[in-house]
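Engineer: Coordinates for the following, if possible.
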Amino acid sequence: MKYPLHYKSFVQAFHRKLYAGDYIYEATVRQARCPHCQKVLTDRMIVGKCPVCAEPTRGDQCEACGAILEADAVLNACCADCGSALEFGKTTQLFLAIAKLERELNDYLNAHPQWRKNALAFTKRYIEEGLRDRAVTRDLDWGIDVPQAGYDDKRIYIWAENVLGYLSASFAVCAERGESWDELFGENAHHYYVHGKDNIPFHTIILPSLLLGHGEGLRLPDEIVSSEYLTLEGRKISTSLNWAIWAKDIVGRYHPDALRYFFLANGPERRDTDFSWREFVARSNSELLGAYGNFVNRSLAFIKKYYDSRVPNGEVDATISQRLLPVFAAVGAKIEQAHLQNALEAVLELVRFGNKYFDGERPWATRTADPKHCAATLYNCVQMIANLAALLAPFLPFSSERVLAWLGQDTGWNMKRVAAGYELPEIGILFERLDKSVVDDELAQLEQRGAELW
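Structural biologist: I've put the predicted structure just below:
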């Protein structure tokens, strides 16, 4: 079918096709209303206790156990704004027959054993506990109009439209680039969906159900890259309590690659992790500056000083060649499998190897005692640096681009070879050392912002 470019119109076109299929039906259900606020409440505006684990929850999903909830199932339900007990009336809504898709969703799950453990476990649990149909409309005065006669006073509920942003945004990009959206969502595509573990059911149950119900064979998510939770200085991140780090506040204070590196190396890829300013400073100084930056700068500075800025003559050492030849394929495979920390660690092993090689070959001594050996050492260091920069480009794009430009290399994912005699331009320091006072300053600001709300 033809889709309009505008997001709201795109969603409505998708829903028209969905409603024309076999997976949408009409039902009369209970509807929550706050008698004090005099308004119908969305699921997120309902608070109470989870009927599954008895922990505090909102009306759409329990953050404690991950259960997807219906608002009228929440225990001791009340209004999130004023705390009043709720009244429940009746209303008619359109429902997506998710339970009718149980076989398809179970087959879909079994076809993806490579997903992360949390995605497999959560999705299996949702299916085994019994899939429940979900209302795709709500009695709201905001949102996207329902493209169905008799539903003029209702809107498409947010869970049934926000995941369609993946489709509409890519549709707009394809239109801008003159590329085929049908191919992008066709059988030969491969899709990655990156999110936190609390959003797993929306990507493995809700979105696939909408796509299956739509009936045009649109591509289902291939890779569910679902992270665990990240805390901040040992506490749960909360934007409402201002216990958070705002990107706009730190992008100008720290090297973007230092931030990217820490979140990748210390991120919640396989387990819950904590963002600590102390550890951020320590790892930036020891790993980025002390290992990678040190190897790059001392090698290139040596050439600038003793070889008139020209890469000396040499041949690639057999040991180094054996290290470099398989690394692009190995690291690339880890990235494609979304094993980003393993991929990054594989490159860091090469960084450590490079530093060990430089120290073991002792160019500061062989420069006069064995000039040919010294030249070969620096030639090999340059080859390793060029390839390290290419390998690190997905993780450290800004510094990698600088290093590759210094060495006259492109940013492609392939083995690099810097010719002997190549003249280095002016080079600089890749990473600045972070002072320990950064920790005290950032912690003080964090505590102050949180305290201002009290």
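
Engineer: From Ser299, how far out is Lys305?
Structural biologist: 11 Å (Cβ to Cβ, to the nearest Å). C-beta coordinates here come from the backbone N, C-alpha and C atoms, glycine included.

Engineer: So for those two, which sits in the more crowded spot?
Structural biologist: Remark: of Lys305 and Ser299, Ser299 carries more neighbours, 22 against 10, as counted by other Cβ atoms under 10 Å.

Engineer: what residues does the helix or strand containing that one touch?
Structural biologist: Assigned by DSSP states H and E, Ser299 belongs to helix 294-306. Here helix 294-306 makes contact (Cβ atoms under 8 Å, 6 or more residues apart in numbering) with 309-312, 351, 354-355, 358, 363-364, 367, 378, 381-382, 384-385, 388-389, 403, 406, 424, 427, 429-430.

Engineer: That one: what's the following helix or strand?
Structural biologist: Criterion used, DSSP H and E; the element after helix 294-306 is helix 318-324.

Engineer: Using PDB, write out every CA atom in that next one.
Structural biologist: In PDB, the C-alpha atoms belonging to helix 318-324 read as follows (Å, rounded to 0.1, in the frame of the first residue of the first chain):
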ATOM      1  CA  ALA A 318      55.000 -11.700  10.800                       C
ATOM      2  CA  THR A 319      53.700 -11.600  14.300                       C
ATOM      3  CA  ILE A 320      51.900  -8.300  13.700                       C
ATOM      4  CA  SER A 321      50.500  -9.600  10.400                       C
ATOM      5  CA  GLN A 322      49.100 -12.700  12.100                       C
ATOM      6  CA  ARG A 323      47.400 -10.400  14.700                       C
ATOM      7  CA  LEU A 324      45.900  -8.000  12.100                       C
END
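
Engineer: Tell me the first helix or strand C-terminal of it.
Structural biologist: helix 327-336.

Engineer: so whichever helix or strand comes after that next one versus helix 294-306, what angle?
Structural biologist: Counting by DSSP H and E, the next helix or strand C-terminal to helix 327-336 is helix 340-361. Counting by axes from the mean of the first three to the mean of the last three Cα atoms, to 10 degrees, helix 340-361 lies at 40 degrees to helix 294-306.

Engineer: Look at the residue lying closest to Asp410 once chain neighbours are set aside and give its secondary structure.
Structural biologist: Once flanking residues are discounted, Asp410 sits nearest to Leu404: 7.0 Å by Cβ to Cβ, 6 or more residues apart in numbering. Three-state assignment for Leu404 (DSSP: H, G, I helix; E, B strand; the rest coil): helix.

Engineer: Please verify my assumption that Leu404 contacts Leu391.
Structural biologist: No. Taking contacts as Cβ atoms under 8 Å, Leu404 lies outside contact range of Leu391: 11.0 Å.

Engineer: Looking at these two, which one has more neighbours?
Structural biologist: Remark: of Leu404 and Leu391, Leu391 carries more neighbours, 27 against 20, as counted by other Cβ under 10 Å.

Engineer: Now do the helix or strand the more buried one falls within: distance to the chain's middle.
Structural biologist: Leu391 belongs to helix 371-392 when elements are defined using DSSP H and E. Offset of helix 371-392 from its chain centre (Cα atoms, centre = their mean, to the nearest Å): 33 Å.

Engineer: which strands and helices sit next to it?
Structural biologist: Helix 371-392 makes packing contacts with helix 294-306, helix 318-324, helix 327-336, helix 340-361, helix 363-369, helix 397-406 when contacts are defined by 3 or more Cβ pairs under 8 Å, 6 or more residues apart in numbering; DSSP states H and E.

Engineer: Would you tell me which of these gets closest to Ala85?
Structural biologist: helix 340-361 (46.8 Å; Cβ to Cβ).

Engineer: How far does that closest one sit from its chain's centre?
Structural biologist: The answer for helix 340-361 is 25 Å, by Cα atoms, centre = their mean.
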